[in-house]
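Asker: Pasting the sequence and the predicted model now:
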Amino acid sequence: MAKRGRLRVLLGAAPGVGKTFAMLHEGRRMRDAGQDVVVAVVETHGRAATAGAAEGLEVLGRAPFIHRGVTLLELDVDAVLQRRPEVALVDELAHTNAPGSRNAKRWEDVEEVLAAGIDVLSTVNIQHIESLNDVVEQITGAPQRETIPDDVLRRADQVEVVDLSPQALRDRLAGGLVYPAERVDAALSNYFRLGNLTALRELALLWLADEVDQSLKRYRDEHGINSTWEARERVVVTLTGGVEGETLLRRGARIAARSGSGELLALHVTSQDGLRAGDPAHLAGQRALVEQLGGSYHQVVGEDIPSALIDFARSVNATQLVIGVSRRSRLSALLTGPSVGSTVTREAGSIDVHIVNHASAGGGLRLPQLGGALTMRRRIAGFVLALVAGPLLTWALASLGSVDSFTTHALSYQLLVVAVALVGGLWPALFAAVLSGVTLDFFFVAPFGTVLITEPSHLLAIVLYVVIAALVSLVVDRAARKTREARRAAAESQLLQTVAGSVLRGQNAMQALVERTREAFGLAGVRLVDARGADAPREAEPRVLASCGEPVRGNRHVSVPVIGDATTGTAVVLELHGRELDASERRLLTVIVAQLGAALEHSDLRDAADEVAPLAASDKVRRALLSALSHDLRRPLAAATAAVSGLRAAGDELGAEDREELLEAADESLATLASLVTDLLDVSRLQSGALAVSIIATDPADVIVPALDELHLGPGAVELALDQSDASVAADPALLQRVLVNLLANAVRHSPADRRVRLATSEFGGKMQIRVIDHGPGIPAERREDVFVPFQRLGDTDNTTGLGLGLAISKGFVEGMHGTLVPEDTPGGGLTMVVTLPVAGDVAEGTRGDRA
């Protein structure tokens, strides 16, 4: 059995990058190196350079197949097997064979050739890969019917990208090196747009990078290599299911982006301890965020969290680990051991570890709650200290002290009482005082082993224990209370600073204020609702201006009026969902409400300004209109008046030739006047929204020919390149003709005398494009929007050209027909006006309506 041949594939981002040319060039190189090379099939697509590259190579004949009366030439597999070269050049690997061929796809033909021990060099474009087919369609809008399974391409022994920058490919296309001249304009504005080519190029490079990465992983697995190879940045972000996850993900995404081609991976470890307390809602949101950031989400099970993180990071060859700061307290870390972050940092080896701070680590902007001066945790710690340190102290005194050292024993227990008071406050200190007195009497006062107070001094000692404990506890409680109040004052100051900054930031002030309110007071939800102008019977739900969090089930909340009267239901109110606020918090809330009122006033003023802006624009148009009427209408009106007056004054004395000249001048002036008035009426209808549109299926040729006739333009002035398909455009024929007349008149006016205007049509992705192409001076990119403003001539001082309304009217007409009118550069210099309209069937035919 023959050894299987090797498959080498040249991968391109788009047609025209040079795959076939590179394949033929490589074939010539291998032939010159002494290898037996034949061209099994090559598709030149009429390109002279590609055909020239095949000269000197042996080209095998192709098998003919007749389909619907047309002869199709396909790869002759039997001829290749009979010839048995060392290398066969097979173009377009994803090609679909003609009906009746031995295989449905060309890649299946190639499989037979490879099985016979013949090496194959082939080509394919990225859009033909099966797994990327839908992605390419989203990018380009063009479905691909010819695809190749990913597995076929991944089994290739070698895949190379034939790369060409997007602009270089567009230049090659504009120069006629890819498609015939009649297809260039449509290709440049559709499939070969700069953004499309950039995306396809990135797709091709990423696909190859992923394939190289898989090959590297297989090599490492086969050779048992566990150390990290930093061939590509891989950032693993650990998620606990807490609110800090989004912060960590965004930080990880930025780290990955800095390398240019880094990969982001999110990891959540499920277990019975450590990172187990994950909120499913938070994890679901973070998983969605990972996908938006272009990363992947992973979940593993592990009892030892640090080991699970390290093992996963090494398995994916990660170079960076992002971990959040531990949310545990220092006491908790002291009792339970080092945090996950410190353990991972110690064991990560060559993997860089980033410990990221977040709001949850510091508690955010939450105001400290006033109440008991000492927290419950400190009280519990005081009781624990009394219960643990008391027996230890008794054991130490019994082991080291003597029976006569009563003073030392008493002072030691007194020290314990003071320590407990400092830690836990009053009640733990009283407990420690009583416990210390009983223990002192039981172990160190005769008779030993009994709790019997026979001496008044012993009773006094216990009382002193209690009094000292109470005094120290009061001092500690007072100090803690002052500390809490100072922290709250600082937090209030920080909150007010944040609130003031939110108002100054403008548009997002209300949302920022609502978020700060919920965060500061620890509420379940906060909403700012507007009931102004709402009719309660008809509008049960007032308008929500801003919200944060979820309202409490059962709609239990407190409403605080911000603007207006809440009792009449005509106010803007702040709804607080959750716990009741105490007096000090309500005082602070009044400040926030005042800031909300200022933000609402700012928003209302901005809305009023937005309402006035169209009036100002209309006033500007009105002034321009009056200026145009006073200037541009005066000339044809004066000329017509002079001609008619001359006819009346001369009477019968005027000669026939002079009479004809005056009549012609009057007719021309009145026609110009009628055209100007028509344009003014069209602009008026567009601005008032009273443009009547009747959309029907229209053959572009049925509109183009009358437009040319109206302008008296023949083949010497305009070159036609109409699409040969039967597609019709959904348009109003009368309006579309007016658009083309305006565009053609402008193009002819600005084109050089020796260059014809080109009018081309093309159908792509359910859209029909009509392109009017001139080779004049063009329009700078920064001024292209100005040409659609009424009464703009962009420096054209020729008053015979009208009021400067033509393009404004054309844009309005096209948009009224659900289309777009966009100016583009003409390759080689000039301006191309592109009218894009839906193909008939995408928009309901016979549609009528008033469109602005």
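Answerer: Thanks, I have the structure now.

Asker: spatially speaking, which residue is in the middle of the protein?
Answerer: By Cα atoms, centre = their mean, the mean C-alpha position of the chain lies nearest to Q292, the distance being 7.3 Å.

Asker: give me phi/psi at it?
Answerer: Dihedral pair for Q292: phi -70, psi -30, per degrees, to the nearest 10.

Asker: Please determine how far it is located from Q320.
Answerer: The gap separating Q292 from Q320 is 20 Å, by Cβ to Cβ, to the nearest Å. For every residue, glycine as well, the C-beta is placed using N, CA and C.

Asker: Quick one: mean pLDDT for the helix or strand where R606 lies?
Answerer: Using DSSP states H and E, R606 sits within helix 583-631. Across helix 583-631, pLDDT averages out at 69.

Asker: For this structure, name the helix or strand with the lowest mean pLDDT.
Answerer: strand 847-851 (a mean of 45; mean pLDDT, DSSP states H and E).

Asker: For stretch 289-306, give me every contacting residue.
Answerer: Under the criterion Cβ atoms under 8 Å, 6 or more residues apart in numbering, residues 237, 245-246, 249-250, 252-253, 256, 263-275, 286-287, 308, 311-312, 340, 343-344, 347 lie in contact with stretch 289-306.

Asker: try stretch 814-831
Answerer: Here stretch 814-831 has contacts from 174, 184, 188-189, 686, 691, 693, 695, 730-732, 735-736, 739, 747, 750-751, 773-779, 784, 787-788, 807, 810-811, 832-838, 843, 851-852, using Cβ under 8 Å, 6+ apart.

Asker: contacting residues for N125?
Answerer: 11-15, 19, 94.

Asker: how near is it to R62?
Answerer: Counting by Cβ to Cβ, the gap between N125 and R62 amounts to 21 Å.

Asker: And I773, by the same measure?
Answerer: 38 Å.

Asker: For those two, work out which one has more neighbours and name it.
Answerer: Neighbours were counted for I773 and for R62 using other Cβ atoms under 10 Å; I773 has more, 23 against 15.

Asker: which residues does the more buried one bridge with?
Answerer: Using DSSP bridges, the bridge partners assigned to I773 are R758, T832.

Asker: correct me, but it touches V757?
Answerer: Yes - I773 lies in contact with V757 (Cβ atoms under 8 Å); the separation is 6.7 Å.

Asker: what about the helices in the stretch 601-750 of the chain?
Answerer: Assigned by DSSP state H, counting those that start in this stretch, the stretch 601-750 of the chain shows helices spanning 634-650, 656-688, 700-711, 733-750.

Asker: Kindly calculate the angle that the third one makes with helix 733-750.
Answerer: For helix 700-711 against helix 733-750, the angle between stretch directions is 50 degrees (axes from the mean of the first three to the mean of the last three Cα atoms, to 10 degrees).

Asker: for helix 700-711, packing partners?
Answerer: Where contact means 3 or more Cβ pairs under 8 Å, 6 or more residues apart in numbering; DSSP states H and E, helix 700-711 is packed against helix 733-750, strand 757-764, strand 767-773.

Asker: for the last one, same thing?
Answerer: Using 3+ Cβ pairs under 8 Å, 6+ apart as the contact test, the elements touching helix 733-750 are strand 691-698, helix 700-711, strand 757-764, strand 767-773, helix 806-816, strand 831-838.

Asker: possible to save those as JSON lines with mean pLDDT and distance to D825?
Answerer: Formatted as JSON lines, the helices and strands packed on helix 733-750 follow (pLDDT from 0 to 100; distance: least, Cβ to Cβ, whole Å):
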{"stretch": "strand 691-698", "mean pLDDT": "76", "distance to D825": "28"}
{"stretch": "helix 700-711", "mean pLDDT": "86", "distance to D825": "23"}
{"stretch": "strand 757-764", "mean pLDDT": "85", "distance to D825": "14"}
{"stretch": "strand 767-773", "mean pLDDT": "88", "distance to D825": "10"}
{"stretch": "helix 806-816", "mean pLDDT": "77", "distance to D825": "17"}
{"stretch": "strand 831-838", "mean pLDDT": "89", "distance to D825": "7"}
